[in-house]
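Enquirer: here's a sequence, model it:
(chains A and B)
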Amino acid sequence: MTANAKRTGPLSRLYAKFGISGPVTPVLLAAAIGVPWLPGEFWTHVGTEVLILGLFAMSFNLLYGYMGQISFGHAAFFGVGAYATAMLFTALKGADGQIGVADFLLSLLVGPPVAALTALFVGFFCVRLTGIYFAILTLAFGELLFYIVFSWYSFTKGDDGIQGLLPPPFFQDSTNFYFFTLAIVVVAAAAMWRITESPFGYAMRTLRDNQRRAAFLGTNVRAHMLANFVIAGAFAGVAGALWGPFSRSVNPTLLGWGESGIAVFMTLIGGAGSFIGPMLGSVIYTMLQAVVKMYTVYWPLTIGTIILLIVLFAPGGILGMIDKRVQATRARDGAAEAEAAAAARAEAPRP
Amino acid sequence: MDIAPYALQLFSGLSRAMVLFLLSAGLSLIFGVMNILNFAHATLWLLSGYVTFSIFTFLGQQFGASPWMLVPAIAGAVAVMALVGFALERFLIRHTYDRELPEQLLLTFALVLILGDVIKLIWGLENRRINLGVRPIEMLDTLVNPYQFVIIGTGVAVAVGLWLFLHRTRLGKIVRAAVYSRSMVSALGIPIPKIYALVFALGVGLAALAGGVFLPLLPMALGVDLDIIVQCFAVVVIGGFGSMLGTFVASIIVGVVYSFSILFWPDGALAMIFLIVIAVLIVRPWGLFGTELRY
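Expert: Model prediction:
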């Protein structure tokens, strides 16, 4: 009876319906809405970064968690999206450095399609390979794009980056920009959720588990992988478009493999097996970084040790670990319940 | 035609190629035998550079400074780093053999971050370099640092030695067999865990040698490892995983292309290398000299 009562709470129902992402997402969302009421602008700023990088990591997980391929060049699409927005932004802003709201929104809109087009080109070659070769080819394309942006001074301003991306006055307020980002990230995440729960999303899961079987079932494996690659690139572009106005500048390192690594780390920490895992990973990674960097320059040592411990002791990430616990508990409760029912049946008088 | 700048670039390209070869040979062996792509390989190389520097300085204080002290310093660093490699395999990497590829990558990537900061903790932010005080010699109308020939000679000697080891010794043949089929080697009663530890120690030892011979040419600086490791990946992919000959040829391609690109497009030298990698992966994913077997 108690087991039964425990499983009728709203979070339990969400778990039954959506898996571990079900109960975690509303908790994260509630926390996200509360962030601007924390004292000081600092946490609002960190919160915006959490959201943007979390969206980036979630787009990466479309490749890793749902397609089973690890990309070390995913930041290329984040960076290309950021540069596309930054360049249009610079072209549209007035001589006084001010930009109108409509022009600002227009410059944000250009990031995702440019990122998607780049992903279409890169993905065309990458989806022919899997495993280590996929990882290295994405790395090579990412680095190639990095060096093009880095050295094409007349077009991209090279390693100086593009500065002075000051959004319109309304968005300069950190709380307003935070809620603006939150709204975009929620919409983007909902769109991604819809995609992963569609027949297309399930086809991705099939070919993740066994490409040959998926092909036997009539799935066009390459075309599905390419479509997924482009979708992941487009959402990375959404995150990239937000990055420029957020940090007021863009620079070539946004395309480098260090940035790609961040998405990998966040996904691993949060848990690649669940939809919301990478966002939780971003919460942990970004906030930890903000705090640790206040006290020490040895941030790489800290995050390296955390990753080492997670790989060794919690292979599914934090949500994977929790999910395993919950499943074990539910299985135990279920078994106990079945036993009680069997006992009740045994006690009942036979007809 | 003035050949001086080209000769200069050729020699610096070849010495760069040899350093890349020493690193990539270990990387390729480790991947071939253990199926582990060691992201931390160049970081271990960097660490061994600092270790060599410290031993060299120590020996200089004890017995008087001399360029020849570099030889025992490198030998010492190779021994230390081979032990470090052995310990890493024993205590960390061993636990990930039955894991998925991304988790293995992340474990060695975590080592990149940790070891990078360990170097920073021990040696600080200052770049380290050994100045041997060799005088440049004149040849082909230009001045060439003769130490480059030492590096090229070391690289060729190691290549020959590795070839002899892999083709003429029992242990080497076991290692080569393990590249093709680990389970078969294991079924023949050969203790695979020992082979793994040995290969990892050998790979790291080669990296340490590369770090040592590199020191008099260019300073060791934090962060260089990240540039070098992606170039090593390029070498291994171009040559083909597990193929020593491929690794050797690809090192020369990458080293020479890099140093000649510097003449024409200084910022884009690495872009050229990634273009080659992309071309190879698209046309022949198993590399120039690799076999389709592993692909």
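Enquirer: okay, CA-based contacts and neighbour counts for the rest of this
Expert: Fine.
Enquirer: residue B:111: how many residues sit nearby?
Expert: 26 (other C-alpha atoms under 10 Å in any protein chain shown).
Enquirer: also residue A:10?
Expert: Residue A:10 has 12 nearby residues by other C-alpha under 10 Å.
Enquirer: pLDDT score assigned to residue A:246?
Expert: At residue A:246, the model reports a pLDDT of 92.
Enquirer: okay, stretch A:291-300 in CSV with CA atoms only?
Expert: What follows is stretch A:291-300, C-alpha atoms only, in CSV (Å, rounded to 0.1, in the frame of the first residue of the first chain):
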residue,chain,number,x,y,z
VAL,A,291,32.7,29.4,-8.1
VAL,A,292,36.0,27.5,-8.5
LYS,A,293,37.5,30.3,-10.7
MET,A,294,36.9,32.7,-7.9
TYR,A,295,39.3,30.8,-5.6
THR,A,296,41.9,29.1,-7.9
VAL,A,297,43.4,29.1,-11.3
TYR,A,298,43.4,25.3,-11.3
TRP,A,299,40.0,24.9,-12.9
PRO,A,300,41.3,22.2,-15.4
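Enquirer: and the contacts of that stretch?
Expert: Under the contact criterion C-alpha atoms under 8 Å, 6 or more residues apart in numbering or on different chains, stretch A:291-300 has outside partners A:289, B:113, B:114, B:116, B:117.
Enquirer: among those residues, which are located in helices?
Expert: Using DSSP state H, the subset of those located in helices is A:289, B:113, B:114, B:116, B:117.
Enquirer: and those as CSV, adding neighbour count, pLDDT and distance to residue A:214?
Expert: As requested, the ones in helices among the contacts of stretch A:291-300 are exported to CSV (neighbours: other C-alpha atoms under 10 Å in any protein chain shown; pLDDT from 0 to 100; distance: C-alpha to C-alpha, whole Å):
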residue, neighbour count, pLDDT, distance to residue A:214
A:289, 16, 90, 41
B:113, 21, 91, 38
B:114, 23, 93, 40
B:116, 24, 91, 42
B:117, 21, 91, 44
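Enquirer: among those residues, which two are most distant?
Expert: A:289 and B:116 (17.2 Å; C-alpha to C-alpha).
Enquirer: so the closest residue to residue B:38 other than its chain neighbours: helix, strand or coil?
Expert: When the adjacent residues along the chain are set aside, residue B:38 lies closest to residue B:108, with 5.7 Å between them (C-alpha to C-alpha, 6 or more residues apart in numbering or on different chains). For residue B:108, the assignment made with DSSP: H, G, I helix; E, B strand; the rest coil gives helix.
Enquirer: residue B:108 contacts residue B:44, doesn't it?
Expert: No: with contact defined as C-alpha atoms under 8 Å, residue B:108 does not reach residue B:44; the gap is 10.8 Å.
Enquirer: any low-confidence regions in the stretch 51-200 of chain B?
Expert: Low-confidence segments of the stretch 51-200 of chain B, defined by pLDDT under 70: B:133, B:140-141.
Enquirer: for it, just list every one of the strands.
Expert: Counting by DSSP state E, counting those that start in this stretch, one finds strands in the stretch 51-200 of chain B at the ranges B:137-139, B:142-144.
Enquirer: how about chain A?
Expert: In chain A, no strands are defined using DSSP state E.
Enquirer: near chain B, which residues of it are found?
Expert: Along chain A, the residues adjacent to chain B under the rule C-alpha under 8 Å from any C-alpha of the partner chain are A:70, A:125, A:129, A:131-133, A:136-137, A:140-141, A:143-144, A:147-148, A:150-151, A:298, A:300-305, A:307-308, A:311-312, A:315.
Enquirer: just the ones of those in helices?
Expert: A:125, A:131-133, A:136-137, A:140-141, A:143-144, A:147-148, A:150-151, A:300-305, A:307-308, A:311-312.
Enquirer: among the residues you listed, name the buried ones.
Expert: For these, a burial check counting by 16 or more other C-alpha atoms under 10 Å in any protein chain shown picks out A:125, A:132-133, A:136-137, A:140-141, A:143-144, A:147-148, A:150-151, A:300-305, A:307-308, A:311-312.
Enquirer: near chain A, which residues of chain B?
Expert: B:95-96, B:101-103, B:106-107, B:109-118, B:233, B:267-268, B:270-271, B:274-275, B:277-278, B:281-282, B:285.
Enquirer: what's the local residue count around residue B:231?
Expert: For residue B:231, the neighbour count with other C-alpha under 10 Å is 24.
Enquirer: tell me what angle the helix or strand containing it forms with helix A:131-151.
Expert: Using DSSP states H and E, residue B:231 sits within helix B:224-239. Put simply, helix B:224-239 runs at 120 degrees to helix A:131-151, going by axes from the mean of the first three to the mean of the last three C-alpha atoms, to 10 degrees.
Enquirer: distance of the nearest residue to residue A:283 once chain neighbours are set aside from residue B:255?
Expert: Closest residue in space to residue A:283, ignoring its immediate chain neighbours: residue A:50 at 5.5 Å, by C-alpha to C-alpha, 6+ apart. Taking C-alpha to C-alpha, to the nearest Å as the measure, residue A:50 falls 40 Å from residue B:255.
Enquirer: can you check residue B:94 too?
Expert: From residue B:94 over to residue B:255 (counting by C-alpha to C-alpha), the distance is 33 Å.
Enquirer: neighbour count: those two, which is higher?
Expert: residue B:255 (27 against 14).
Enquirer: list the contacts for the more buried one?
Expert: B:13, B:14, B:15, B:16, B:17, B:20.
Enquirer: once you drop chain neighbours, what's closest to residue 130?
Expert: No chain specified, so I'll use chain A. Nearest one to residue A:130, counting by C-alpha to C-alpha, 6+ apart, is residue A:69 at 6.6 Å.
Enquirer: right idea, wrong chain: chain B
Expert: residue B:216 (4.7 Å).
Enquirer: you'd agree the residue nearest to residue A:283 is up against residue A:282?
Expert: Yes: using C-alpha under 8 Å, residue A:50 is in contact with residue A:282, at 5.5 Å.
Enquirer: for the two, indicate the residue with more neighbours.
Expert: Neighbours around residue A:50 and residue A:282, counted as other C-alpha under 10 Å, are more numerous at residue A:282. The numbers are 29 against 23.
Enquirer: can you pull the pLDDT of that one?
Expert: pLDDT, residue A:282: 94.
Enquirer: any idea how far it lies from residue B:113?
Expert: Going from residue A:282 to residue B:113 by C-alpha to C-alpha gives 18 Å.
Enquirer: can you check residue A:43 too?
Expert: 26 Å.
Enquirer: ok, residue A:332 next?
Expert: From residue A:332 to residue B:113 the distance is 41 Å (C-alpha to C-alpha).
Enquirer: where does the stretch 151-300 of chain A get nearest to chain B, which residue?
Expert: The stretch 151-300 of chain A approaches chain B most closely through residue A:300 (5.0 Å), counting by C-alpha to the nearest C-alpha.
Enquirer: quick one: the longest helix along chain B to helix B:224-239, angle?
Expert: The residue-count maximum for a helix in chain B (DSSP H) belongs to helix B:4-34. Going by the same axes, to 10 degrees, helix B:4-34 is angled at 80 degrees with respect to helix B:224-239.
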